[in-house]
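A.B. asks: here's a sequence, model it:
(2 chains)
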Amino acid sequence: MDFLAEAVVAFLIVVGSIFGLVGSYGLAKLPDTMMRLHAPTKATTLGVGSILIASMAYFLFYENLFSVHELLITLFLFIAAPLTANVIAKAHLHENQVDPKQLPAPEPQASGQTPGWSTFDPEAERQDVR
Amino acid sequence: MSLVLIALLPFIGAILPALMIRAGRNACALTAGSVTLTSLILLLSYAPAVFGGEVIQARFEWLPGLGLNANFFLDGLGFFFALLILGIGLLIIVYARFYLSKQDPMGLFYVYLLLFQGAMVGITLSDNILLLLIFWELTSLSSFLLIGYWKHLPEGRQGARMALMVTGSGGMAMIAGMLILGNIAGSYDLTVILQSGEAIKASPLYLPALLLILGGAFTKSAQFPFHFWLPHAMAAPTPVSAYLHSATMVKAGVFLMARMWPALAGTPEWFYIVATAGLVTMIVGAWISIFKDDLKGLLAFSTVSQLGLMTMLLGFGTPMAALAAVFHILNHATFKAALFMTAGIVDHEVGTRDAKRLGGLVTLMPITATIAMIAAASSAGLPLFNGFLSKEMMLYEASHTYYLGQEWILPVLATVGAVFSVAYSARYAIHVFLGKERHDYPSHPHDPPFGMWAPAGLLVVLVVAIGLLPQAIAGPLVQVASNAVTNGTAPVVDIKIWHGVNAALIMSMIALALGLLLLWRYGTFVALRQRFPRPEAKDIFDRLVDRTAAAATFVTDGLQNGSLQRYLATMVATMILVGAAGFFGGSHGAGTRATLPISPLGLIGWLLLVAACLTLVFFHHRRLLTLILVGVIGLIVSLGFFYFAAPDLALTQISVEVVTVILLLLALNFLPKQTPVAEFAPRRWRDAVLAGLAGLGVAGLTLAITTRDFFAGSISEFHLANSYPGGGGTNVVNVILVDFRGFDTYGEIIVLGIAALAIFALLESSLHGKASKRLANWVPETARAFDSHPLLLVVASRALLPFALLVGIFIFLRGHNEPGGGFIAGLVVSIALIIQYMASGFQWAHARVRVDYHAVIGLGVLVAGLTGVAAWIAERPFLTSDFTYVSLPVVGTFEVATAMAFDVGVFLTVVGAVMLALANLSRIGRLAETGGGSHPIASQH
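C.D. replies: Here you go, the predicted structure:
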């Protein structure tokens, strides 16, 4: 039992660490922002998730305690990580650091302005609503 | 107790006229009068004791550690002055009722008057020189209000400001002098100081103390060269002039010299400073007075001259001269108040007080003319009036006082002064009331109503009565007062009208003859005077004030030119200098406590911190990057707290860090994204050197503190031991914050609230006026995304709000026993709310937050304060905490501490302060982005 518990906890920690390492390596090595975004988002989701499960397992096996903190942390992370990635991606597109030719042409805007990619025109939206 | 009431009643009663004005002007005046009358009756109830030679005392400890006690005493001199102040005050109240017009706010007038009266009586009754100083400054302040009573007149405002500045700065000097005096005597109690005259005069600090105290007395009593404020104070309504310049304000300086007479007088320094100042003032004031066409100006300079006379007599330093001074104070108060009142009546009824436009009023207003001429006769020193008696005494004293070893100087100069005083008094009587009746008066002069001339009439009755029966009427009063002045060495008072032909009488007669001659040849003297340049005191004073203001502006502008860099440089340089002075001024050695070995984890954290700091220095001109790095550093620091087992601090640090970064991001929105590189190389070096030195200093300080034990042992043990039994919480940090040092925290949340309000005020001003136009026309540096509120962010932030609030409440509730507490919870909740503002926009969020953040701040401080006050109900000191255990079904047993309520206050203040600052930054952003209209950022989802 003890060995099994130890093995489970250790395995989860190691898995989490490997994802963390890979994520960090990717963050440093990948060539541009869009690609780089992938590394940390995946690393947090999987790596930190794994370590949180390890923590739960530890408390369950050794302290006989069902800990819910980790679930909450996971919840927050699952909301925060994709959000952050989304906002960074939008900011990146907005800053126009991507070659525009690589992107499909933005949709025509009702206001007559030509915005960048991945942004939306409130005027158009309002007309849609109407 | 009733002794204290004499001084305090006018203060307490000052509120009444303001209330009673609604019941009409008569009721208002009646109330003010009855307050003064009550004080006067209280004072008179002590008359038998005072005349019996007793000194009545009332002592209260106020701040005994400072030597400041509310000690009052009543001796002959105090009684004499208080009688003048209250008695003439009563007459002035009656007179003012009829003098003030319907447009004048009469309630306010009586409020000021009573405040002033209380302060004056306070001066005369104080038995503690510090208390006396307080009353002294109060007279400066309340006389400022009185002189500037006609706020719509620029002369009134300027005159009031000048009076405040001159008497106020004199008061400052006097504070210093009194402190020296108290130090020499070893006590601030007057009764002690007056007994230690010998020690004071022998002290090496005697001269500085004397000069400083005389600085206060001379400015107050308008002695040359500080005489110039008094004529400008004439812009006040006449009742004020009559009161301030006959019996009260300017007599305060004379009173002080009389009061300090036993302690300070009798030395050559005293004689030459005081007597000379008095003599010069007497002659100069009288000379100017002759040529003043404005009746009040004439009387003002005559007052200056008469004050000079009293000062000179006190300066002689002999008991007989002091007695003469006391007698003259009484006489001057009576005839000068009457003169001012008649001047006011003339002004009121005729419509002008320009002597050139007046004349022949005796047939038109016989009563006023009679009063004025009797008072003027007394002022001139005509026999059978009281002014004659005291002036004779003055001349007699002058005639046998040696000045610079010469016998003739004083008598001659005193006679010159007397000649001038005859001239101006005669001019007042003759040029205004005698002569041909004119027909070009601005209005139709006639005698005023009874109430207006009666006070002046009563005073001239006294003038005549004292003049005819001096010994019977004034003798005892002068006797007790001069006994008090001279510490009991005054000769027995025996005032006679006829002394036989002596030097004084001859001088008096010469003065009378020459004075009338001067007036007869008035035109010649006016022409003579025109030939000489006359320095205008007001111009000189204004220039002096301007220069001082310019110098102050120069220094201020040099230090505060609006450049934050310069402020920082100044502050850091000052810190370095002070620190270096402390460091190199003392002895020091290396710390003795062993250092802890560094762990790999700690090392990594340290390296990260150093790397982040270095990166920040290199990239500091890229502000967004700097901000991110600041966040990184903050995170590492909070990890450091965690590493050293301070989870509370770590939590606080993280939440503060988040709030700071958001705040700076919002502010950075409106600032350049790049710091301009300093073009001036020496400045860069200056900054580098300053920063380097300061950093080294802080590092060294930290090392020094951490490598040695505290000098007197750490207080930590006490807190650890008492946290649970004393404060009912196991989280020592929280118990310290809300309990052991709750008062500190209380102060801090107030500061926090004030800071938030200041941010609000600063930002609010940018929503109006020029700044708002600049904001509305603001062109952002970078292109704006059309997507102000990304859908994902909006949805997620709204979904997260309840969780975030839950976390806040959780952290708050566990705070007393585990890491957390009101401060952190407040920050967490604020962050949760800010996210709503950021994600969904100001308008959306603002429409849904229906609380006023100002009110939240106030509520927080109130809750914390009330928690503290609640301890009083249990008869414990402010903020004493208590706790108990409560059992509830389902929830179980839990602890309830009063500190929890206090923590709620902290929580509310933090939330209010943070939200007020951040919400207002968003408001500015909204104005800038939309130009005030409703545009994307304002659109609703």
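A.B. asks: for the rest of this, base every contact and every neighbour count on C-alpha atoms.
C.D. replies: Noted.
A.B. asks: so what's B:Phe433 up against?
C.D. replies: B:Phe433 sits next to B:Leu358, B:Gly359, B:Gly360, B:Leu361, B:Val362, B:Ala369 when contact means Cα atoms under 8 Å, 6 or more residues apart in numbering or on different chains.
A.B. asks: let's see that with 6 Å instead.
C.D. replies: Residues touching B:Phe433, when contacts are defined by Cα atoms under 6 Å, 6 or more residues apart in numbering or on different chains, comprise B:Gly359, B:Gly360, B:Leu361, B:Val362.
A.B. asks: in CSV, list these along with pLDDT, secondary structure and distance to chain A.
C.D. replies: Conversion of those to CSV gives the following (pLDDT from 0 to 100; DSSP: H, G, I helix; E, B strand; the rest coil; distance: Cα to the nearest Cα, whole Å):
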residue, pLDDT, secondary structure, distance to chain A
B:Gly359, 78, coil, 86
B:Gly360, 78, coil, 89
B:Leu361, 80, coil, 87
B:Val362, 79, coil, 90
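A.B. asks: mind giving me the ChimeraX command for buried ones among these?
C.D. replies: Only the buried entries of the contacts of B:Phe433 go into this ChimeraX selection, using 16 or more other Cα atoms under 10 Å in any protein chain shown:
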select /B:359,360,361,362
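A.B. asks: and the contacts of B:Phe433, which is closest to B:Leu862?
C.D. replies: B:Leu361 (66.3 Å; Cα to Cα).
A.B. asks: how far does the helix or strand B:Val461 falls within sit from its chain's centre?
C.D. replies: When elements are defined using DSSP states H and E, B:Val461 is found to belong to helix B:450-468. Centroid separation for helix B:450-468 versus its chain: 38 Å, with Cα atoms, centre = their mean, to the nearest Å.
A.B. asks: in that helix, what counts as buried?
C.D. replies: For helix B:450-468, burial by neighbour count (16+ other Cα under 10 Å) applies to B:451-457, B:459-468.
A.B. asks: tell me which other helices or strands that helix touches.
C.D. replies: Helix B:450-468 makes packing contacts with helix B:76-99, helix B:386-399 when contacts are defined by 3 or more Cα pairs under 6 Å, 6 or more residues apart in numbering or on different chains; DSSP states H and E.
A.B. asks: list the contacts for B:Gly315?
C.D. replies: Listed by Cα under 6 Å, 6+ apart, the contact partners of B:Gly315 are B:Phe271, B:Val274, B:Ala275.
A.B. asks: can you do 8 Å?
C.D. replies: The contact partners of B:Gly315, by Cα under 8 Å, 6+ apart, come to B:Ala265, B:Trp270, B:Phe271, B:Tyr272, B:Ile273, B:Val274, B:Ala275, B:Thr276, B:Gly278.
A.B. asks: next: A:Leu65.
C.D. replies: Listed by Cα under 8 Å, 6+ apart, the contact set of A:Leu65 reads A:Phe59.
A.B. asks: where among the helices and strands packed on helix B:450-468 is the average confidence lowest?
C.D. replies: Least confident of the helices and strands packed on helix B:450-468, judged by mean pLDDT, is helix B:386-399 with a mean of 86.
A.B. asks: from the middle of its chain, how far away would that one be?
C.D. replies: Taking the mean of its C-alpha atoms, helix B:386-399 sits 41 Å from the chain's own mean (Cα atoms, centre = their mean).
A.B. asks: next SSE downstream of that helix?
C.D. replies: Taking DSSP H and E, what comes next after helix B:386-399 is helix B:409-433.
A.B. asks: flag the helix or strand of chain A with the lowest per-element mean pLDDT.
C.D. replies: Averaged element by element with mean pLDDT, DSSP states H and E, chain A has its least confident helix or strand at helix A:122-129 (a mean of 48).
A.B. asks: what about B:His719, how many neighbours?
C.D. replies: The burial count assigned to B:His719 is 17, neighbours taken as other Cα atoms under 10 Å in any protein chain shown.
A.B. asks: and for B:Ile129?
C.D. replies: Neighbour number of B:Ile129 under other Cα under 10 Å is 27.
A.B. asks: surely it meets B:Asp189?
C.D. replies: Yes - with contact defined as Cα atoms under 8 Å, B:Ile129 counts as touching B:Asp189 (6.3 Å).
A.B. asks: follow-up on the earlier one: of all the contacts of B:Phe433, which two lie farthest apart?
C.D. replies: B:Gly359 and B:Val362 (8.2 Å).
A.B. asks: which residues do those two both contact?
C.D. replies: Shared between the contact lists of B:Gly359 and B:Val362 (criterion: Cα under 8 Å, 6+ apart) are residues B:Phe433, B:Leu434.
A.B. asks: so B:Leu91 makes contact with B:Pro455?
C.D. replies: Yes - judged on Cα under 8 Å, B:Leu91 makes contact with B:Pro455 at a distance of 5.1 Å.
A.B. asks: any idea how chain B splits into domains?
C.D. replies: Structural domains of chain B, as assigned by automatic domain parsing, span the residue ranges B:319-559, B:561-582+B:682-708, B:728-938.
A.B. asks: sounds good, over and out.
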